[in-house]
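Peer 1: Predicted structure and sequence below. I'll ask about it afterward.
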Amino acid sequence: MASNFTTIAAAVRTVVAGLSGAPDTVLVKDDDSIHPGEAPAVIVTMGDEEESLAVSGAGTDTDQGDRLMAYQIGVTIYKGNLGTNEALGTNQDFVLACQQALNRKSLAGAPSVYGTKLVRRDAWERQALKDGVEVSRFGLIFYSAETRLGNP
């Protein structure tokens, strides 16, 4: 059985890959590095996970209660355009479409998710233009209601 963290990351990948204008390459990876020639691509990364609130149960070995978890997910969008801004409007539209599709109360494919917080950054970060790609990054914090470890 996959962890809730990997389930959420896979669901984010599926949502992004299904959007209009999504590149053929949408991956879940440990980091958001990309190699020359791999753009355009979207890379989904998993950050930290933490218990945001413990919900008490009966206090027995068989009912330890549920907990509320927070999972950090990064989304990095690489567009290969050799340093030109010809498709800049289209690129920004795709970033916005990703944010709107993911910043919801629920996440298709991850039934434990009950809320999301969007962490925005600049739409396009110029440092990668010299490498022949434009890059955009944003983060999401997904809130998940889960059975505490050890419960049946």
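Peer 2: Sure, I can see it. Residues are numbered from 1 along each chain as shown.
Peer 1: In contact with Phe138, which residues are there?
Peer 2: Shown in contact with Phe138 (C-beta atoms under 8 Å, 6 or more residues apart in numbering): 74-75, 95, 98-99, 118-121. Any C-beta I mention is one placed from the backbone N, CA and C, and that applies to glycine too.
Peer 1: Spit out the contact partners of Met46.
Peer 2: Residues near Met46 by C-beta under 8 Å, 6+ apart: 5-6, 9, 28, 30, 71-74.
Peer 1: tell me which residues in the one helix or strand it maps to are buried?
Peer 2: Assessed by DSSP states H and E, Met46 sits inside strand 41-54. Neighbour counts using 16 or more other C-beta atoms under 10 Å place 41-46, 49 of strand 41-54 among the buried residues.
Peer 1: can you check stretch 136-152 too?
Peer 2: Neighbour-count burial for stretch 136-152 [16+ other C-beta under 10 Å]: 136-145.
Peer 1: what does stretch 94-104 give?
Peer 2: Buried residues in stretch 94-104, defined by neighbour count with 16+ other C-beta under 10 Å: 94-95, 98-99, 102.
Peer 1: Could you give the average pLDDT over that stretch?
Peer 2: Averaging pLDDT along stretch 94-104 yields 93.
Peer 1: Report the distance from it to the chain centre.
Peer 2: 10 Å (C-alpha atoms, centre = their mean, to the nearest Å).
Peer 1: any idea which element Ala9 lies in?
Peer 2: In this structure, Ala9 sits in helix 4-17 according to DSSP H and E.
Peer 1: contacting residues around the worst-scoring helix or strand of the chain on mean pLDDT?
Peer 2: Least confident helix or strand of the chain, by mean pLDDT, DSSP states H and E, is helix 88-102 with a mean of 83. Here helix 88-102 makes contact (C-beta under 8 Å, 6+ apart) with 12, 15-16, 19-22, 42, 75, 77, 79, 116, 118, 120, 123-124, 134, 136, 138, 140.
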